[in-house]
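Asker: One predicted model, sequence on top.
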Amino acid sequence: MRAIFIDFDGVVHPAGGPVSACLPIEWLSDLDDILSAHPPVRIVVHSSWRLTYPHEEIREFLSGLSALEIDIVGPGEKLQAITAYLSAHPEIESGLVIDDEPSEFPAGFPLQMVVCDPAIGITCPRVKSQVTAWLSHKKPIPLDGE
């Protein structure tokens, strides 16, 4: 199983402003364009939106994605929540984090990261290229990055 952990703010819509002002999610179609060209993966949300909206609504926001399934990390800061999720889901052989705040993830974090400019998020050609490269990797990229 492969999983992509996504933030919302600065990744699938511009960062800043109240959460409610960001619906519908502006750049979701950009993410779906990337995903639809590859075998399905699990999308796991680590956005702070998980603290504002019920999980059912978050899944509904993302229901148009070409994903195997959509899940949401548990409570806590991003790093701890993702780490706990990975511990609870040993079926995940390979993961990618897409976020606009790399400072929240220390050096040595076991997942590959794609860092977004919070003003353009997933619409950035560099970001699209990095996500596509990860999705195109034939064998799962081990969690330790080796």
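Answerer: Received the coordinates, thanks. Numbering: from 1, shown residues only.
Asker: Tell me how far Gly64 lies from Leu35.
Answerer: 10 Å (Cβ to Cβ, to the nearest Å). All C-beta atoms are positioned from the backbone trio N, CA, C, and that covers glycine.
Asker: More neighbours: those two, which one.
Answerer: Leu35 (20 against 13; other Cβ atoms under 10 Å).
Asker: A helix includes the more buried one, no?
Answerer: Yes: looking at Leu35 with DSSP: H, G, I helix; E, B strand; the rest coil, it is inside a helix.
Asker: Find the nearest non-adjacent residue to it, please.
Answerer: Ser66 (4.4 Å; Cβ to Cβ, 6 or more residues apart in numbering).
Asker: what's near enough to touch the one you found?
Answerer: Asp32, Leu35, Ser36, Pro40 (Cβ atoms under 8 Å, 6 or more residues apart in numbering).
Asker: Now do the strands in the protein.
Answerer: Counting by DSSP state E, the chain has strands at residues 2-6, 42-45, 69-72, 94-99, 112-115.
Asker: Make TSV from these and add distance to Cys124 to it.
Answerer: Shown next, in TSV, are the strands of the chain (distance: least, Cβ to Cβ, whole Å):
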stretch	distance to Cys124
strand 2-6	14
strand 42-45	19
strand 69-72	23
strand 94-99	11
strand 112-115	10
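Asker: could you redo those as a markdown table and give each row mean pLDDT and mean neighbour count?
Answerer: Converted to a markdown table, these look like this (pLDDT from 0 to 100; neighbours: other Cβ atoms under 10 Å):
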| stretch | mean pLDDT | mean neighbour count |
| --- | --- | --- |
| strand 2-6 | 96 | 24 |
| strand 42-45 | 96 | 22 |
| strand 69-72 | 95 | 17 |
| strand 94-99 | 96 | 23 |
| strand 112-115 | 95 | 18 |
